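Asker: predicted model and sequence follow; I will ask about them next.
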Amino acid sequence: FVAETCGPSSIIPTVIAACISYLISGNWSFYEAQLLKEPEEEEKALSELHYLAKHGFLKEAEKIKVEEVMKRNPVAIYEGMSIKEAFTIIERYEFRVYPVINNEGSIIGIIKVEDLLTIPIEKWHLPISQTTIETVLVTLKEDSIYKIMEEMIKRHQDHAYVVSDKNSMKLIGVISGIDIIRKLLKRVAIQKDSTDSMN
């Protein structure tokens with residue numbers, strides 16, 4: 001484009017200027033950091049299943065307890081841990097969202113990898129408590145997955161964290177939209193098989 005508009009002789013000075021600008025600017029930018037696009041497929045699928053459940057196609061959602069679907073002892077990051085230490089956990093497990101807990105094991109929020117990636121390396125000595133910790137959606141193991149589905153959709157969350165009780169907020173599990181989807185699809189398949197065998 002440069003050669004077409006200004007002639008071939010302008011290419012070399014332009015390239016040199018671009019390289020110098022890049023080296024001088026370093027981490028500075030006129031634009032805000034571009035965060036990773038959050039996955040939407042899970043939320044869309046969850047919305048579809050919620051629609052079906054709401055209209056009576058998946059009544060099982062009200063019968064299934066969170067305890068049946070949740071993953072126990074989720075990987076968590078301590079609020080006093082440094083950002084650098086947190087990245088060692090992130091590299092090992094490669095999740096996008098992590099619960100943040102205090103020394104008592106109570107959940108205080110969640111952090112997203114894309115938020116941590118916007119923090120300059122020279123600040124990685126700071127504790128997680130000084131980063132962006134978002135509010136968390138919590139549920140009890142006795143709750144129905146239908147109830148948590150409604151909350152996840154309403155709050156645009158693709159994860160909910162299971163706590164022992166709403167007072168201590170001790171983290172005991174995690175449930176994702178995809179976990180709910182798989183459980184409900186499995187129930188639908190079982191229902192279909194039983195219906196087909198009766199015909």
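Answerer: Cool, the structure landed. Numbers count the residues shown, from 1 in each chain.

Asker: grab the nearest non-local neighbour of residue 64.
Answerer: Among residues not flanking residue 64 along the chain, residue 145 sits closest, at 4.8 Å (CB to CB, 6 or more residues apart in numbering). C-beta coordinates here come from the backbone N, C-alpha and C atoms, glycine included.

Asker: doesn't residue 60 make contact with that neighbour?
Answerer: No. Residue 145 is not in contact with residue 60 according to CB atoms under 8 Å; the separation is 9.0 Å.

Asker: more crowded one of the two?
Answerer: residue 145 (28 against 18; other CB atoms under 10 Å).

Asker: in contact with the more buried one, which residues?
Answerer: 61, 64, 65, 66, 68, 69, 175, 180, 183, 184 (CB atoms under 8 Å, 6 or more residues apart in numbering).

Asker: cutoff 7 Å now
Answerer: Counting by CB atoms under 7 Å, 6 or more residues apart in numbering, residue 145 touches 61, 64, 66, 69, 180, 183.

Asker: turn the residues you listed into a markdown table, including secondary structure and neighbour count.
Answerer: Below are the contacts of residue 145 laid out as a markdown table (DSSP: H, G, I helix; E, B strand; the rest coil; neighbours: other CB atoms under 10 Å):
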| residue | secondary structure | neighbour count |
| --- | --- | --- |
| 61 | helix | 23 |
| 64 | coil | 17 |
| 66 | helix | 21 |
| 69 | helix | 19 |
| 180 | helix | 26 |
| 183 | helix | 18 |
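
Asker: which residues of the protein fall in helices?
Answerer: Ranges of helices in the chain, per DSSP state H, are 2-6, 11-25, 41-54, 60-63, 66-69, 83-93, 113-116, 145-154, 177-198.

Asker: weakest of the ones you listed in terms of mean pLDDT?
Answerer: Confidence, taken as mean pLDDT, is least for helix 2-6 of those (a mean of 52).

Asker: what about the closest residue to residue 106 other than its chain neighbours, how many residues nearby?
Answerer: Excluding its sequence neighbours, the residue lying closest to residue 106 (CB to CB, 6+ apart) is residue 169, at 4.2 Å. Residue 169: 18 surrounding residues under other CB under 10 Å.

Asker: which residues does residue 169 contact?
Answerer: Residue 169 neighbours (CB under 7 Å, 6+ apart): 106, 107, 138, 163.

Asker: from those residues, keep the buried residues only.
Answerer: The neighbour count (16 or more other CB atoms under 10 Å) marks 107, 138, 163 as buried among the contacts of residue 169.

Asker: now intersect these with the strands, please.
Answerer: 107, 138, 163 (DSSP state E).

Asker: wait, which of those is closest to residue 156?
Answerer: residue 138 (15.7 Å; CB to CB).

Asker: bridging residues for the closest one?
Answerer: The partner list for residue 138 in beta bridges (DSSP bridges) reads residue 161.

Asker: residue 133 - nearest residue in space that isn't next to it in sequence?
Answerer: Using CB to CB, 6+ apart, the nearest residue to residue 133 is residue 109, at 3.8 Å.
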